[in-house]
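Asks: With the sequence up front, the predicted model follows.
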Amino acid sequence: MNKPLRRIAVACLVLFGLLFVNANYIQGVKAEELRNRPGNARILIQQYERHRGPILVDRRPVASSKETRDQLKYLRVYRNGGLYAPATGYYSLYGATGIERAENEVLNGTDARLFVRRVVDLITGKQPKGGAVELTLNDDAQRAAYEGLRESGKAGAVVALDPRTGAILAMASVPSYNPNPLASHNSKEIQRYYDRLEADPSKPMLNRALQNTYPPGSTFKVVTAAAALSSGGYKPSSQIPAPDSLPLPQSTHAIQNFGGSSCGGQTTLAQALQISCNTAFADLGMEVGEDALRAQAEKFGLDSQVEVPMQSAQSVFPSGMDQAQTALSAIGQYDVRITPLQAAMVAAGVANDGVVMKPYLVNEVKAPDLSTVERGQPEDYERAVSPEVAGQLTEMMKSVVAAGTGTSAQIPGVEVAGKTGTAQHAPGEPPHAWFTGFAPAGDPEVAVAVVVESGGNMGSEATGGQVAAPIAKAVMEAVMAT
Amino acid sequence: MSAVTDPVPAPRRRRGVELAMLVFAVLIAMAAYASVGLALDNVLPPRMLAYGLGLGALVTVAHIVVRRTAPYADPLLVPLITMLNGLGLVLIYRLDIAEAAAARQSGDPVPSPDATGQLLWTALGVAIFVGVLLLLRDHRTLQRYTYTAGAAGLVLLALPGLLPASISEVNGAKLWIRIGGFSIQPGEFAKLALMIFFAGYLVTKRDVLSLAGRRVLLIDLPRARDLGPVLVAWAVSLGILVFERDLGTSLLFFGIFVAMLYIATERTSWLLIGLGLFLSGAFLASRLFSHVQERLDIWLHPWAGDNPTNDAYQLVQGLYGLAQGGLLGTGLGQGRPEMVPFAKTDFIIATLGEELGLTGLVAVLLVYALVVERGLRAALAARDPFAKLLAAGLAFALALQVFIVVGGVTRLIPLTGLTTPFLSYGGSSLLANWALVALLLRVSDSVRRPAPQPIQDEGMTQVVSR
């Protein structure tokens, strides 16, 4: 009976061999695929098993993880959710946005920079703790921006930068949302709140500071003036035509000044900016030309997406325009679109002697024990204008606030440079109110851009200044106070 | 080698090796137990010493009895199953904790822990093991009870099917007898009784059954009238399938019979006939019985839905667990094995694979393979045909059961639901498998025991055997 017995032994070997091969297939070859299957609840549980690191503003957590008693071990909790939501984003069962997404690997502890510390965890078999992300936001400035926008009763956005480094000091978007219900462990609660936000026509989840583009209106005149001064053919004192009405070439339309006001027929470049004369800048735009305008706009960072690390929307300066379209673009109308972040970059570029710094939101990456792993390094983005031109523009923008359309941004004892804007965006709608500027003009600490959607009044250029400038003022004051 | 002066070297008993390996096996289990406690609470489990000493004391008793009653038996078998049993205890302890935590979270009543019960069952298992070795001094005694064993086996097998569902049905399969808070699976014991019966029956009938009938395609077919026994076995298997809805036992029972029939008769034709009967039976069953069809569907299309109400939920969760474990596992106490339904019984392999990884799973499979190999080795060396058949049957049964249950959980074959020997929670399985190993030891002892020495040098006629 030994012959069949040997064969049975071989059969047993084959059975075990099949089990070995199959176990290798399931746990080796297919494991990755199985782990990532959409229906696999383990992967989620595993993510929530880790103590996700906090997001800090001024060393205090605005997003942190709290231990729970339910199946998902840690709950993400946001302090003053709506205030910081445009920066933090949310971390939910269905995905993440904002810093929660952009810095996910640091926060969940898988980032290579945290590796050395993880080795210890690997040996002890502990779930690694996540690292912390300290934001560049200035808590007071952020609050000033958010509260100012909310008090306006309109939608809008504020971006404040440190012109010397590019650090984002404020990034507010109104209306905002509360990330807490989205971070809930109850999928029904998440879905209910998410659906409500999605259905809201005011788009509370849209980060207007970064992801929405607006016509810049008269704030763009700073770029046009920069192009003219950089061309070498103009000085702030250069006389330029400023008719009451400027007929547009190859068109039956004519450009008027706001409320049909007059700029006096002839004026200096500085004066034109101070009173925000449309006809003068439209004419100047045609003189300088589309190409020079675009080149200047691009040097300020338009037409590119910026990663802060969240990606901004792309600002647009159109190409292939005729003279009439160029004229309109020179005063920030036609198809010119700009994000509030890029509007702030223009002001910051002027403030920083002509050099635009790359904006960034992450000040520091910290290990779980809060020791510094990496600091945000200031980086040049591009030289937009020469120091001379920057100085000339600063002087011109100072006069806008001192005696022009931007007087609402005046701060006692501080020289403020700025530019107002009132941008038409849809027929019959009130225009967007803009203010961009920086302070102190002599040694800038903060550059800011404010847009209040439909916050202006078609009758007067100054309304943009009246609505947006006080918010900018409050933000700049908050930064300078700290 | 050292036997220059001794013409017939006395076979080494190697009981010292057994003891050393036993200590090792208990230490592995204790290390695993400590690992669970350290991972979950950062401290050594409070009852670690009591637990280790308990297991250690039990297997020490087993070892002493082996020393006394089966001194020449294979020294590896008891340490191997001790390791499996100890690891099973740890996994059940670990699942107790996880299930309690899950129940607290969802606000359900916390289920009573099973690890203590399993330790008690282990004690009973060792008692049966000791009982078999003490009472059964010669395996040939069993041959006398061939038909008694057969009848007992059939009754045990059929009993749950005949009893009302209120007593015998658990989760759709009727393979239990539940009296009071106590439940046993008679099928586990039927398996042993029937193997004794097969061995005894086939030894007497093997000459007849191996008579050649017609020769077709190079294969000698048996005579038609000798087909009786295999057809009966086939019918009984189908009966288990239909009346008890237990695919695993059905397959196991038929597989063991065919394998033993093949070994007894040395006729390949019996294998082919068995395979044919199995395939036709499987085909018929899948057509006629929804519960068989369902198992096939789950096997072929497990991803049809991942939701908790889906039939494939258990299999899919098990696969997720295995995948989560990957090569090295999450570590004991650090996975989520409680997410797999029936993790303590049918799906304990998924827990093992999740927390100890492919490495741990393969290691455990190798331990099973070693037990099987030692059993088959005893069968090969056995001199009398009954011992040969019995040992081969016992070893093959273990191999087939491991294949069916592990193959089912890892989606190699359709899931049928059998316990994983020595690992799964459940008294019947533990008791029956300890008895199974006791029988293997008994055969192994007889095989390796030195042949009785002739009393006189001249004339080899007079042989005294005990």
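Replies: The structure has been received and is ready for your questions.

Asks: quick one: buried residues of stretch B:332-342?
Replies: For stretch B:332-342, a neighbour-count test (16 or more other C-beta atoms under 10 Å in any protein chain shown) marks B:332-341 as buried. Placement of C-beta: from N, CA and C, glycine included.

Asks: I meant stretch A:10-30, not that one.
Replies: A:11-12, A:15-16, A:18-20, A:22-24, A:26-27.

Asks: surely B:F342 meets B:Y313?
Replies: No. The pair B:F342 / B:Y313 is not scored as a contact, 11.1 Å apart, by C-beta atoms under 8 Å.

Asks: picking up where we left off before, okay if I get the buried residues of stretch B:332-342 as JSON lines plus distance to B:G239 and pLDDT?
Replies: Shown next, in JSON lines, are the buried residues of stretch B:332-342 (distance: C-beta to C-beta, whole Å; pLDDT from 0 to 100):
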{"residue": "B:L332", "distance to B:G239": "41", "pLDDT": "90"}
{"residue": "B:G333", "distance to B:G239": "43", "pLDDT": "86"}
{"residue": "B:Q334", "distance to B:G239": "45", "pLDDT": "84"}
{"residue": "B:G335", "distance to B:G239": "40", "pLDDT": "86"}
{"residue": "B:R336", "distance to B:G239": "39", "pLDDT": "86"}
{"residue": "B:P337", "distance to B:G239": "35", "pLDDT": "88"}
{"residue": "B:E338", "distance to B:G239": "36", "pLDDT": "86"}
{"residue": "B:M339", "distance to B:G239": "36", "pLDDT": "83"}
{"residue": "B:V340", "distance to B:G239": "31", "pLDDT": "86"}
{"residue": "B:P341", "distance to B:G239": "28", "pLDDT": "84"}
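
Asks: so which of those residues are also by chain A?
Replies: The residues of those that also fall near chain A, by C-beta under 8 Å from any C-beta of the partner chain, are B:334, B:336, B:339.

Asks: export those residues to JSON lines and tack on secondary structure?
Replies: Formatted as JSON lines, those follow (DSSP: H, G, I helix; E, B strand; the rest coil):
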{"residue": "B:Q334", "secondary structure": "coil"}
{"residue": "B:R336", "secondary structure": "coil"}
{"residue": "B:M339", "secondary structure": "helix"}
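
Asks: Please dump these into TSV; it should also carry distance to B:R449 for every row.
Replies: Below are these laid out as TSV (distance: C-beta to C-beta, whole Å):
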residue	distance to B:R449
B:Q334	48
B:R336	50
B:M339	50
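
Asks: so how far is stretch B:438-456 off the chain centroid?
Replies: 25 Å (C-alpha atoms, centre = their mean, to the nearest Å).

Asks: Next, the buried residues of it.
Replies: Buried residues in stretch B:438-456, defined by neighbour count with 16+ other C-beta under 10 Å: B:438-448.

Asks: do the same with stretch A:292-309
Replies: A:292-294, A:296-297, A:299-302, A:306, A:308.

Asks: What of stretch A:475-482?
Replies: Across stretch A:475-482, burial judged by 16+ other C-beta under 10 Å covers A:475-479.

Asks: quick one: the strands in the stretch 351-482 of chain A?
Replies: Secondary structure of the stretch 351-482 of chain A (DSSP state E, counting those that start in this stretch): strands at A:355-357, A:362-366, A:372-375, A:380-383, A:417-423, A:432-439, A:446-452.

Asks: want to try TSV for these, with distance to B:V236, mean neighbour count and mean pLDDT as columns?
Replies: Listed next are the strands of the stretch 351-482 of chain A as TSV, based on distance: least, C-beta to C-beta, whole Å; neighbours: other C-beta atoms under 10 Å in any protein chain shown; pLDDT from 0 to 100:
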stretch	distance to B:V236	mean neighbour count	mean pLDDT
strand A:355-357	85	23	93
strand A:362-366	69	20	92
strand A:372-375	69	14	86
strand A:380-383	83	16	88
strand A:417-423	88	32	87
strand A:432-439	86	31	91
strand A:446-452	84	33	94
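
Asks: among these, which is nearest B:R104?
Replies: Nearest to B:R104 among these is strand A:362-366 (34.2 Å), distances taken as C-beta to C-beta.

Asks: Sheet partners, orientation included, of that closest one?
Replies: Paired neighbours of strand A:362-366 in the sheet (DSSP bridges): strand A:132-135 (antiparallel), strand A:372-375 (antiparallel).

Asks: Distance to B:L231 for the ones you listed - can I get that in JSON lines?
Replies: Output for those, formatted as JSON lines (distance: least, C-beta to C-beta, whole Å):
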{"stretch": "strand A:132-135", "distance to B:L231": "74"}
{"stretch": "strand A:372-375", "distance to B:L231": "75"}
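
Asks: give me every residue that touches the nearest residue to A:E290 once chain neighbours are set aside.
Replies: Leaving aside its sequence neighbours, A:E290 sits nearest to A:T326 (C-beta to C-beta, 6 or more residues apart in numbering or on different chains; 4.7 Å). Applying C-beta atoms under 8 Å, 6 or more residues apart in numbering or on different chains to A:T326 gives the contacts A:285-286, A:289-290, A:293.

Asks: Spatially central residue (nearest the centroid) of chain A, please.
Replies: By C-alpha atoms, centre = their mean, chain A has its centre lying nearest to A:L210, at 3.0 Å.

Asks: show me what contacts that one?
Replies: Contacts for A:L210 (C-beta under 8 Å, 6+ apart) come out as A:86, A:159, A:171, A:308, A:310-313, A:339-341.

Asks: Check B:A173 too.
Replies: With contacts defined as C-beta under 8 Å, 6+ apart, B:A173 is in contact with B:244-246, B:417.

Asks: and those residues as CSV, adding neighbour count?
Replies: Formatted as CSV, these follow (neighbours: other C-beta atoms under 10 Å in any protein chain shown):
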residue, neighbour count
B:E244, 23
B:R245, 19
B:D246, 26
B:G417, 23
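
Asks: Count residues in the vicinity of A:P241, would you?
Replies: Residues near A:P241, counting by other C-beta atoms under 10 Å in any protein chain shown, number 15.

Asks: any idea how far A:T268 is from it?
Replies: 12 Å (C-beta to C-beta, to the nearest Å).

Asks: And A:N180, by the same measure?
Replies: From A:N180 over to A:T268 the distance is 54 Å, taken as C-beta to C-beta.

Asks: quick one on the thing from earlier: among the buried residues of stretch A:10-30, which one sits closest to B:V372?
Replies: For the buried residues of stretch A:10-30, the nearest to B:V372 is A:C12 (5.4 Å; C-beta to C-beta).

Asks: Can I take it that the closest one is in a strand?
Replies: No. A:C12 is assigned helix when assessed by three-state DSSP, not a strand.

Asks: was I right about it contacting B:L376?
Replies: Yes. Judged on C-beta under 8 Å, A:C12 makes contact with B:L376 at a distance of 6.9 Å.

Asks: Now residue 142: closest residue in space that isn't a chain neighbour?
Replies: In the absence of a named chain, chain A is used. Nearest residue to A:Q142, sequence neighbours excluded (C-beta to C-beta, 6+ apart): A:A170, at 4.8 Å.

Asks: my bad, the chain I had in mind was chain B
Replies: Using C-beta to C-beta, 6+ apart and skipping residues adjacent in sequence, the residue nearest B:L142 is B:I196, 5.3 Å away.
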